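Colleague: Structural data only, the sequence is not supplied:
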Ligand code: B12
Ligand code: SF4
Ligand code: SF4
């Protein structure tokens, strides 16, 4: 079904078939289409979340609240949302890390997913534009879009109690992207029914009690927020709960029964985990200069935290581990140029005693 042989724009059902075929040939694991409109439950949940201040210092979530509720504010006359997912569960079972090392969230151990998804989605969007003669724009966590809500409506999976989108085939070990388009594309059967049932494993597993109630995460308690999104010092009462996470946190996902049976990815896949990012030595991270930081982390999601952010996280990991190994590096960091690294090194030393 090559769009170029059609003079007239395709009808919605043909567009849906074409989108699906192309998305799968581009290497996406899951694809579905939702008609734009009717995410009232999620819009109301977003309002409650922001009004309760659960977005912590992510002021951009509050500033873009109106756009998040309305795809038409991003693409004029938006009619359809094409949702895709790419899985990242590693093929091999994981060996343990050396004592005192920092854990890296699974999604962050390979190439930056924004780039991988973005490149493929733009190709899909170009095809939609050509086939429908209507505008189509591609995003992967790069615009104010309620990505999980749209993916649920497009039938990819359901928003679980952890607030992650969980799928039957890949669990929640997936990243999401979407295309907003003014093209009328036949929607997929959706929304996906809830499959959490009476399970509450993610709520029990969260080390900081960040999942306040099913589907509601308090960012201000979430290790992922503090180690990835937050700039500056980590609140004092949140440091001890950080545990060994140096970037992100996977506890609510590791506990999920759907993730244990999730499909794994071949080592050649574009998000394949790099062995050297499976875990990090916090002493080494603390000692990284700008060149070493770029050399190791550029092109990966870890670059988002920045060099000082990662060194701050390294202090948290060392302080939580309370081992003697980090003492010399932490003492050196007391004279660091960055005040946040200095104060977190002092905190870690005090904890080690
Ligand atoms: C802000 C943000 C964060 C924040 C806040 C998390 C949060 N839960 O909102 C922080 C920094 C903490 C974070 C952490 C993570 N994130 Co994040 N994050 C985002 C971002 C940019 C916006 C999310 C958002 O809109 N939050 C607003 C709140 C209101 O929405 P929500 O939590 O999803 O809540 C929904 C449910 O409550 C639902 N709902 C309503 N009523 C009810 C009732 C019930 C019973 C239930 C179950 C649900 C429900 O409605 C709400 C709106 O849809 C998205 C990208 C995007 N543009 O969407 C990525 C995104 C959600 N993050 C992603 C990832 C991978 C993560 C981490 C797994 C990373 C990690 N390993 O460290 C963790 C997971 C933590 C968690 N349990 O959520 C992926 C999720 C993939 C997936 N399978 O779901 C996304 C989609 C990015 C992407 N493009 O792939 N993230
Ligand atoms: S990412 Fe970690 S801290 Fe955040 S909700 Fe999940 S288990 Fe809790
Ligand atoms: S751990 Fe259980 S409750 Fe939480 S998302 Fe997975 S299935 Fe749902």
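Modeller: Perfect, I can see it now. Predicted, not measured: the structure shown is a model, and the values here were computed from it. Ligands and ions are numbered 1, 2, ... in the order given.
Colleague: Name the spans of the stretch 201-350 of the chain whose pLDDT lies under the cut-off.
Modeller: 267-268 (pLDDT under 70).
Colleague: Strands of that one, start to end?
Modeller: 211-213, 216-217, 245-247, 279-280 (DSSP state E, counting those that start in this stretch).
Colleague: What parts of this structure come near ligand 3?
Modeller: 160-162, 166, 196, 199-202, 255-258 (Cβ under 6 Å from any ligand atom). In short, each C-beta sits where N, CA and C put it, glycine included.
Colleague: Pull out the buried residues from those.
Modeller: 160, 161, 162, 166, 196, 201, 202, 255, 256, 258 (16 or more other Cβ atoms under 10 Å).
Colleague: what's the closest of those to residue 322?
Modeller: Minimum distance to residue 322 across these is 24.9 Å, recorded for residue 255 (Cβ to Cβ).
Colleague: so where do the helices sit in the stretch 251-353 of the chain?
Modeller: 251-254, 257-260, 282-286, 290-297, 306-321, 327-333, 339-352 (DSSP state H, counting those that start in this stretch).
Colleague: what about the ones you listed, which gets the closest to residue 23?
Modeller: Relative to residue 23, the nearest member of these by Cβ to Cβ is helix 257-260, separated by 22.2 Å.
Colleague: Let me know whether the closest one sits next to ligand 2.
Modeller: No - applying Cβ under 6 Å from any ligand atom, one finds helix 257-260 separated from ligand 2 by no less than 12.3 Å.
Colleague: interface residues of this structure facing ligand 2?
Modeller: 206, 208, 210, 211, 217, 222, 223, 224, 249, 251, 252.
Colleague: Would you reformat those as a markdown table and include neighbour count?
Modeller: A markdown table is the format used below for these (neighbours: other Cβ atoms under 10 Å):
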| residue | neighbour count |
| --- | --- |
| 206 | 21 |
| 208 | 19 |
| 210 | 25 |
| 211 | 22 |
| 217 | 22 |
| 222 | 26 |
| 223 | 28 |
| 224 | 19 |
| 249 | 25 |
| 251 | 20 |
| 252 | 27 |
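Colleague: where does the residue nearest to residue 32 when sequence neighbours are not counted fall, phi/psi-wise?
Modeller: Nearest non-adjacent residue to residue 32, counting by Cβ to Cβ, 6 or more residues apart in numbering: residue 154, 3.3 Å away. Per-residue torsions, residue 154: phi -80, psi 0 (degrees, to the nearest 10).
Colleague: Just the element for residue 86, please.
Modeller: strand 80-87 (DSSP states H and E).
Colleague: give me the low-pLDDT residue ranges for the stretch 51-200 of the chain?
Modeller: In the stretch 51-200 of the chain, residues with pLDDT under 70: 92-93.
Colleague: Would you map the helices across it?
Modeller: Using DSSP H, counting those that start in this stretch, helices in the stretch 51-200 of the chain cover 59-63, 65-69, 113-132, 147-153.
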